[in-house]
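Q: Any chance you can model this:
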Amino acid sequence: MESSILLVGNGTSNGTSNGTSAVELAYGFVSCAVVVVFFGSSLLPMKKFDTGDGMFYQWVDCVATWIVSLVVNLILNSPKFLPLAMLGGVFWSTGNVFLVPIVKTVGLGLGFPVLNSFNLLVGWASSRFGWFGIKAEIVADPVLNYCGAGLCLLSTIVFFFVKSDAQSVRTEHEPPLILDVHSSWVDKLRPTTKRVLGFGMAVVSGVLHGACFIPMLYMKGQADNPDSLYYGASQFDLDYVFSQCSGLLLCSTVYFLIYCAVMKNKPRLFPKAILPAFASGVMDGIASCCWFLANEYLSAVVSFPIITTGPSVVAALWAVLLFKEVKGLQNLLVLGLAFCLAIAGTLLTAFSEV
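A: Residues are numbered from 1 along each chain as shown. Here you go, the predicted model:
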């Protein structure tokens, strides 16, 4: 399976100016599209059920993500397990702990853009400039890539100025978005404190998510160094997905056990949230695998701006059309501007590799 995929990725027919085949580009952009839709929609199941402080929810989510990676690992005939790749999963899991509090403090439409802006900064810059010991990546048109990444970042900043009502008003026939039967520490905060804390958590979560591919990229960069522990490491990104997701599950389990201890073995469990959390995890798992493929076929400097901006647009659309979190003409105009910047940035980034 691995060899067949690599042959597609290394094809030279119909090649572009920088040696990237047309088929390879197609695989990369399709992978990006899947990631954008799935990551932008993965928290939708959570909005209809009480998840409390989110600790139980994130653990079930991580279990489902790991199962998806296990299936992919078996399809790839179980590539070598590399413990360092687990560190990426630790970063990802730690960032995930903040997701539910972010949604409950600043809403789905605003929390995601801030998170993704810092995700973009760390992920794109570390790959483009070779931070943390990884090899710097190049693209066919660096100027377009810089402009695209800049517009994507600007779009996420514009998203910040959109006022959101996370607990939006609903009709008597509509189900609650997040039930208030079981109040959590988030629900007791003042509105201003919620907003500041929510954006702060989004920043931290974004930085951690942006760093999740650094261990893998470092190992790939050391593959041709005979003195390195990672000499001969696989150059196919998807070979690392199971190792990374194993770190994700391990770290998430540790956090959940610590949480149970703090709660004196009385964790707040929500049985009705199990299936929604599992559904979110499956979506996250599929999106994660496709992100590895996008990095493989496009390089991180191209995939990161697209993938970290696109879900913000999808999540904001859900927030406007389904959950009614964003209201008012001025808010909608600002949101429209953010959409235009995000789309323009995405297109420029995509054309930088063509």
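Q: For the chain, just list every one of the helices.
A: 2-9, 22-41, 55-75, 86-96, 99-106, 108-129, 142-159, 191-210, 214-221, 241-262, 274-298, 300-321, 329-351 (DSSP state H).
Q: Tell me how far Leu44 lies from Met219.
A: Per Cβ to Cβ, to the nearest Å, Leu44 is found 34 Å from Met219. The way it works is simple: take the backbone N, C-alpha and C, and place the C-beta from them, glycine included.
Q: which stretches of the stretch 1-150 of the chain aren't confidently modelled?
A: The model of the stretch 1-150 of the chain has pLDDT under 70 over residues 1-20, 48, 51-53, 108-109.
Q: Compare Leu44 and Met219 (neighbour count), which wins?
A: Neighbours per residue (other Cβ atoms under 10 Å) separate Leu44 from Met219, with Met219 holding more: 22 against 18.
Q: Please give me every residue in contact with that one.
A: By Cβ atoms under 8 Å, 6 or more residues apart in numbering, the residues touching Met219 are 82, 84-85, 230, 233, 240.
Q: again, but for Tyr218
A: Counted by Cβ under 8 Å, 6+ apart, Tyr218 has contacts 84, 132-134, 230.
Q: These: which two are farthest apart?
A: Phe132 and Tyr230 (14.3 Å; Cβ to Cβ).
Q: Tell me which of the two has more neighbours.
A: Between Phe132 and Tyr230, Tyr230 has the larger neighbour count (other Cβ under 10 Å), namely 16 against 11.
Q: That one touches Leu82, doesn't it?
A: Yes: with contacts counted by Cβ atoms under 8 Å, Tyr230 reaches Leu82, the gap being 7.4 Å.
Q: ok so, going back, columns distance to Arg268 on top of the helices of the chain, output as a markdown table?
A: Formatted as a markdown table, the helices of the chain follow (distance: least, Cβ to Cβ, whole Å):
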| stretch | distance to Arg268 |
| --- | --- |
| helix 2-9 | 43 |
| helix 22-41 | 25 |
| helix 55-75 | 7 |
| helix 86-96 | 17 |
| helix 99-106 | 12 |
| helix 108-129 | 21 |
| helix 142-159 | 31 |
| helix 191-210 | 19 |
| helix 214-221 | 33 |
| helix 241-262 | 9 |
| helix 274-298 | 13 |
| helix 300-321 | 25 |
| helix 329-351 | 33 |
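Q: now for these, which one comes closest to Phe49?
A: helix 274-298 (5.2 Å).
Q: got the buried residues for that closest one?
A: 276-298 (16 or more other Cβ atoms under 10 Å).
Q: quick one, it and helix 329-351 angle?
A: Helix 274-298 runs at 40 degrees relative to helix 329-351, counting by axes from the mean of the first three to the mean of the last three Cα atoms, to 10 degrees.
Q: burial of Phe29, as a residue count?
A: Number of residues near Phe29 (other Cβ under 10 Å) recorded here: 19.
Q: ok, now how distant is it from Ala319?
A: Going from Phe29 to Ala319 by Cβ to Cβ gives 25 Å.
Q: wait, doesn't Gly107 sit right on Val320?
A: No: with contact defined as Cβ under 8 Å, Gly107 does not count as touching Val320 (11.0 Å).
Q: Neighbour count for those two, which is higher?
A: Under the criterion of other Cβ under 10 Å, the comparison of Gly107 against Val320 puts Gly107 first, with 28 against 18.
Q: Leu341 versus that one, what's the distance?
A: Separation of Gly107 from Leu341 (Cβ to Cβ) stands at 20 Å.
Q: now do Pro215
A: 31 Å.
Q: Same drill for those two, tell me which one is more crowded.
A: Pro215 (25 against 21).
Q: Spit out the contact partners of that one.
A: Applying Cβ under 8 Å, 6+ apart to Pro215 gives the contacts 84-88, 244.
Q: How much space separates it from Phe118?
A: Taking Cβ to Cβ as the measure, Pro215 falls 18 Å from Phe118.
Q: With Ile138 instead?
A: Here the distance between Ile138 and Phe118 works out to 24 Å (Cβ to Cβ).
Q: quick one, which of these two is more surrounded?
A: Phe118 (22 against 11).
Q: quick one: low-confidence parts of the stretch 251-354 of the chain?
A: 323-326, 353-354.
Q: let's go with 80 and repeat that
A: 308-309, 311-313, 315-317, 319-331, 346, 350-354 (pLDDT under 80).
Q: Need the residues that contact stretch 82-96.
A: For stretch 82-96, contacts defined as Cβ under 8 Å, 6+ apart pick out 58, 61-62, 115, 204-209, 211-216, 218-219, 230, 233, 240, 243-252, 255.
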